[in-house]
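Asker: Quick one: sequence plus predicted model below, questions after.
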Amino acid sequence: MAPRKTVTLKDIAAAANVSRAAAARALNGYGYVGAATAERVIEIAAQLGYRGNRVAQALRGGQLPLVGFVPGDIQNPFFAQIAHDIDAQLRQSRQSLLIASSAESVAQERDLIESFRALNVRGVIVAPAASPTRPHLEALLHEGVPLVLIDRAVEGLPCDCVSVDNAGGARAAVGCLIAAGHRRVAVIHDDQRIVTARDRLAGYAGALADHGIALDARLIAVAQSTVAQATEATIRLFRQPDPPTALFTLDSLMTKGALLGLRALGLSVPRDVSLVGFDDFDLATFTEPQITVVAQPVAQIGPLAVRMLLERMRGSTEPPRHVQLPTRLIRRGSVAPPGGGAAATDSAC
């Protein structure tokens, strides 16, 4: 037997001698359509066995429990862990998660937010990409869609936010290297589009200033947050005539790249170079020596953002909250005094 042909809205409209728009209004119960016309359309739809797209109808009516999440880069372990935690937390409240990465592109973030708005999502969690203005996020709030920012606050945007003390964490990391005797501390960072990078670079500069060390532009390398670019930036830094003795990296992908770059140059950690990275990651405890890192409370960020969002979805009218979580310096074996020697003790940092 041949498969039964699916009855479409076009078929119903043709049989009832009305436009597809009129047929859609009659079947979905929105807009104006005459009573007699509506009755005829519904009767013909029943006769032909029309089922309609119940999912599409539910989406239009905002009846599906959907929440959108826009991370900066889903390949970054930091955002991957947060996405996992957000999904697990939402499932407990019978909400479904839609995830789409902005790849740190403002244009892509804007398009994703527009798509979420078209799907009538019940709330959105965003790690905003860099931009001086946020009309697409403001549009969400104007329409009453709950919005929570993670990792990055946006000045002047009246919504809840969960971030960490990036400047303080970076200050502690560089302070650890300085306490071990280093005066030529290099840093690898991105182009400061992202507020977290700006804050971490400010913490680096603040630690130098705390100890009376002048900022040296030759010790600051710019690279995108990828292993390949961080590897190249590390090689550039340490091929200089007067190379640094220590290195601070601004995220886990850059730390991995730094390790590869140092290995390519034949430099050993911490005998030749001391290293501290922002963000803990699995490889940090599998290397020899293990890498000293600034750890973010990643496990707290996703669940807290979901709790804030659910409260707004349930009608909370409390003033916007900005929760800044503390970081923690985890001392391992990648810091030693300049010129080699035993790894720095905890007290040295």
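Answerer: Great, that's in hand. Numbering: from 1, shown residues only.
Asker: burial measure for Ala205, as a count.
Answerer: Neighbourhood size, Ala205 [other CB atoms under 10 Å]: 18. Every residue, glycine included, has its C-beta placed from N, CA and C.
Asker: ah, wrong one, I meant Asp85
Answerer: Neighbours around Asp85, by other CB under 10 Å: 19.
Asker: mind listing what it touches?
Answerer: When contacts are counted by CB atoms under 8 Å, 6 or more residues apart in numbering, Asp85 is found next to Val298, Ala299, Ile301, Gly302, Pro303.
Asker: please redo it, this time with the cut-off set to 6 Å
Answerer: If you count contacts by CB atoms under 6 Å, 6 or more residues apart in numbering, Asp85 has them with Gly302, Pro303.
Asker: and this protein, what are its domains?
Answerer: If you go by automatic domain parsing, the domain ranges for the chain are 9-52, 66-164+298-326, 166-297+329-348.
Asker: Pick out the shakiest of these, pLDDT-wise.
Answerer: Note on the domains of the chain: domain 9-52 shows the lowest mean pLDDT, a mean of 82.
Asker: Tell me which helix or strand the residue lying closest to Ile113 once chain neighbours are set aside sits in.
Answerer: Spatial nearest neighbour of Ile113, chain neighbours left out: His136 (4.5 Å); criterion: CB to CB, 6 or more residues apart in numbering. For His136, the element it lies in under DSSP states H and E is helix 135-142.
Asker: list the helices and strands the very next helix or strand once past that helix packs on?
Answerer: Per DSSP H and E, the first helix or strand lying C-terminal to helix 135-142 is strand 147-150. The contact analysis (3 or more CB pairs under 6 Å, 6 or more residues apart in numbering; DSSP states H and E) places strand 147-150 against strand 123-126, strand 160-164, helix 298-313.
Asker: Which residues belonging to the helix holding His136 are considered buried?
Answerer: His136, Leu137, Glu138, Leu140, Leu141 (16 or more other CB atoms under 10 Å).
Asker: and what of stretch 14-22?
Answerer: In stretch 14-22, counting by 16+ other CB under 10 Å, buried: Ala15, Ala16, Val18, Ala22.
Asker: try stretch 276-291
Answerer: Neighbour-count burial for stretch 276-291 flags Val276, Gly277, Phe278, Asp279, Asp280, Phe281, Ala284, Thr287, Pro289, Gln290, Ile291 (criterion: 16+ other CB under 10 Å).
Asker: which ones are touching Val276?
Answerer: By CB under 6 Å, 6+ apart, the neighbours of Val276 are Ala173, Leu177, Phe248, Thr292.
Asker: Doesn't the second one lie inside a strand?
Answerer: Right, the one you point to is Leu177. No: with DSSP: H, G, I helix; E, B strand; the rest coil as the criterion, Leu177 is assigned helix and is not in a strand.
Asker: List the beta-bridge partners for the residue lying closest to it once chain neighbours are set aside.
Answerer: Excluding the flanking residues, the one nearest Leu177 by CB to CB, 6+ apart is Ala246, at 4.4 Å. Applying DSSP bridges to Ala246 gives these bridge partners: Val185, Ser274.
Asker: repeat for Ala221
Answerer: Residues in beta-bridge contact with Ala221 (DSSP bridges): Ile188.
Asker: Wait, it touches Ala233, no?
Answerer: Yes: at 4.0 Å, Ala221 counts as touching Ala233 under the criterion of CB atoms under 6 Å.
Asker: which neighbours do those two share?
Answerer: What both Ala221 and Ala233 touch, as defined by CB under 6 Å, 6+ apart, is the set Ile188.
Asker: And the buried residues of helix 135-142, which is closest to Ala88?
Answerer: Leu140 (23.9 Å; CB to CB).
Asker: so what's the closest residue to that closest one other than its chain neighbours up against?
Answerer: Once flanking residues are discounted, Leu140 sits nearest to Leu147: 5.1 Å by CB to CB, 6+ apart. Counting by CB under 6 Å, 6+ apart, Leu147 touches Val124, Leu140, Leu141, Cys159.
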